[in-house]
Structures are given as structure tokens and as C-alpha cells.
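Student: just need the structure, nothing else, for what follows:
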Amino acid sequence: MKRLLAAACLIVPVVAGAHGAGFERLPDVDTVALRFAYAVGEPMAGARVVVTTLAGQDHQRGQTDRDGQFAFVPDRPGDWMVVADDGLGHEVRAEVEVGGVAEGESSATPVAVSPRVLLYALIGSLAVNAGLLSFLLARRRA
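Tutor: Numbering: from 1, shown residues only. Okay, here's the model as predicted:
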């Protein structure tokens, strides 16, 4: 009986951990963030927001935060319509253009470095490191 109880104690934490939750940060995500406000500058807090393509295809629905801010991640480049409605007769329509990189292209600019330059940099680095090592060893002996 004691062995069964001991085995259960070892298994339970593993099973409980399987029902946990967490998060991950998405690398290199291009987010579109907007702030909606009234003419006097007061934020449109809690306004309903709908994000669609210009063709009218729904992408996302949500609401602004207490500062009137709303963000979304477009799944493709192009023109997007973001509509914020506070339910009190104020509606703001924002047309947002999202640039992109054509498929197969890279947004990074490649930099070509000659192999000869890399070899000289490596030799220079080795010389500097050897000099630092000799200095530290000489200092330790003294």
C-alpha cells in the first residue's frame, strides 16, 4: 500500500503539470497598433473594434483598452479597415495600409564580406587574444 501511495505521489505532479498554461513571445511579429480618441483627446475606452480587409472579410473583433488602444497582427500585406464604435453614436473608421515583402523575398539586406577580410579579422583577433593572454599570465607571475 505504501508503495502504491509513493508511486501516486510521483505521478500526480506530472499529470497536474500537463494542465498548466503559459505563454510564448512571438519573434518578429509586425503589429499594427492604433489609438482611438474623441475630438477633445479623451480615449475611446471600451469601444468595439472590427478589423476587416477592404473587401469586407472579417479578420478580428475586440475592444479598445482603457487608453483607447487596439492592436492586431495582419496575416498579409494590403489595406485594412479598422472600425471603432463606442455604442454612443461615435464611430471611427481607420484605413490602414500594411506593407509587406513579396513571397520568396527577404526584408533583410544581405551583406557580402570577402573571405579574405574574414581571414584577416580572424588572424587579428587571434593575435589580440594571444597578447591579452600573455599579459595576464605575466601579471599573475609577478
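
Student: ends of stretch 38-54, how far apart?
Tutor: Using CA to CA, to the nearest Å, the end-to-end distance of stretch 38-54 comes to 24 Å.

Student: do stretch 53-69 as well
Tutor: Start-to-end, stretch 53-69 (CA to CA) is 20 Å.

Student: tell me which residues are up against it.
Tutor: Residues from elsewhere that reach stretch 53-69 (CB atoms under 8 Å, 6 or more residues apart in numbering): 33-37, 43-52, 70, 72, 74-75, 78-81, 84, 95. In short, each C-beta sits where N, CA and C put it, glycine included.

Student: if you average pLDDT over the helix or strand where Met81 lies, what comes out?
Tutor: Per DSSP states H and E: Met81 is located in strand 78-85. The average pLDDT within strand 78-85 is 92.

Student: surely Gly46 touches Ala84?
Tutor: No - in this structure Gly46 lies outside contact range of Ala84 using CB atoms under 8 Å: 10.1 Å.

Student: who's more crowded, those two?
Tutor: It is Ala84, of Gly46 and Ala84, that has more neighbours when counted by other CB atoms under 10 Å, with 23 against 12.

Student: so what's that one bridging to?
Tutor: Following DSSP bridges, Ala84 is listed with bridge partners Val49, Val92.

Student: compute the distance between it and Ala37, please.
Tutor: Ala84 sits 10 Å away from Ala37, going by CB to CB, to the nearest Å.

Student: need the overlap of contacts for those two.
Tutor: Jointly contacting Ala84 and Ala37 under the rule CB under 8 Å, 6+ apart are Met44.

Student: just the buried members of the contacts of stretch 53-69?
Tutor: Neighbour-count burial (16 or more other CB atoms under 10 Å) is assigned, among those, to 34, 36-37, 43-44, 47-49, 51, 70, 72, 74, 80-81, 84.
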